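# the amino acid sequence is not available; the structure is as follows:
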């Protein structure tokens, strides 16, 4: 049952994913003739391995949603690596894995603190590893993650999660969008203002936002200007003075 599957499925999934680069290596060697005339191509395909992994991850989601979600994300990275070697061959698989991770988040993850932490995992996997999706598909996934960040239960969590989501539109040069970065930062300012009105304990959100504005300014995001930073410094000073009164 589920008690066993949550322990047996992850190693099976990892082992299957480790086969993918070996299958691709053998396929490339066979195509070049490096294995000799009598050598045969791989007995299975990477696509069949990815199909098995999809089914195993789907099973795992029923028993351990958190692990299932993470393994869908890891599988997307392996599929992305395969797609870089054979362009457009595995893109649909990458998108499907990422979509299933989002479906798991929406349907299976209900604890607010875990939702908050998983947003950062989405940002890490997407912003740091996915390189071969079509831009429209990448933006669709990132927009969905950002929407989930904006729906978190607590305003401070919303603010910090959306700050993290700004990296989705910057870290990868292939998908860089300065305007979307600024939209994330401005949304964070609105949320922080609401949070501070309810409790001055949240005034630190403004310094978090200021740090991020400076980060993007130093990295030549042309949408983040010195005027924005100057105005935000004044706003931070105003809120800090109010909190200390």
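That came in fine, so what should we check first? Just so it is clear, the model here is predicted, and its values are computed rather than measured.
# count of neighbours near residue 84?
11 (other CB atoms under 10 Å). Quick note: C-beta positions are derived from backbone N, CA and C, even for glycine.
# and for residue 130?
25.
# in contact with it, which residues?
76-77, 80, 94, 98, 138, 172 (CB atoms under 8 Å, 6 or more residues apart in numbering).
# quick check: of the residues you listed, which lies closest to residue 32?
Nearest to residue 32 among these, counting by CB to CB, is residue 80 at 23.6 Å.
# closest to the centroid, which residue in the chain?
Closest residue to the average C-alpha location of the chain: residue 122 at 2.5 Å, with CA atoms, centre = their mean.
# against residue 69, how distant is that residue?
9 Å (CB to CB, to the nearest Å).
# find residues that contact each of those two.
101, 105.
# tell me how far the lengthiest helix in the chain is from the chain's mean position?
Counting by DSSP state H, the longest helix found in the chain is helix 2-32. Relative to its parent chain, helix 2-32 has a centroid offset of 22 Å by CA atoms, centre = their mean, to the nearest Å.
# likewise stretch 140-157?
Centroid separation for stretch 140-157 versus its chain: 12 Å, with CA atoms, centre = their mean.
# now stretch 33-53
Using CA atoms, centre = their mean, the offset of stretch 33-53 from its chain centre is 30 Å.
# what do you get for stretch 124-139?
Computed by CA atoms, centre = their mean, the chain-centroid distance of stretch 124-139 equals 8 Å.
# related to what we said a few turns ago, just the ones of the contacts of residue 130 in helices?
Short answer: those in helices (DSSP H) are 76-77, 80, 94, 98, 138.
# what residue ranges in the protein score low on pLDDT?
Filtered on pLDDT under 70, the chain yields the residue ranges 34-39, 243, 245.
# give the contact list for residue 197.
Residue 197 neighbours (CB under 8 Å, 6+ apart): none.
# which parts of the host helix or strand of it are buried?
Secondary structure from DSSP states H and E places residue 197 in helix 178-198. Residues 180-185, 187-189, 191-193, 195-196 are the ones in helix 178-198 that count as buried (16 or more other CB atoms under 10 Å).
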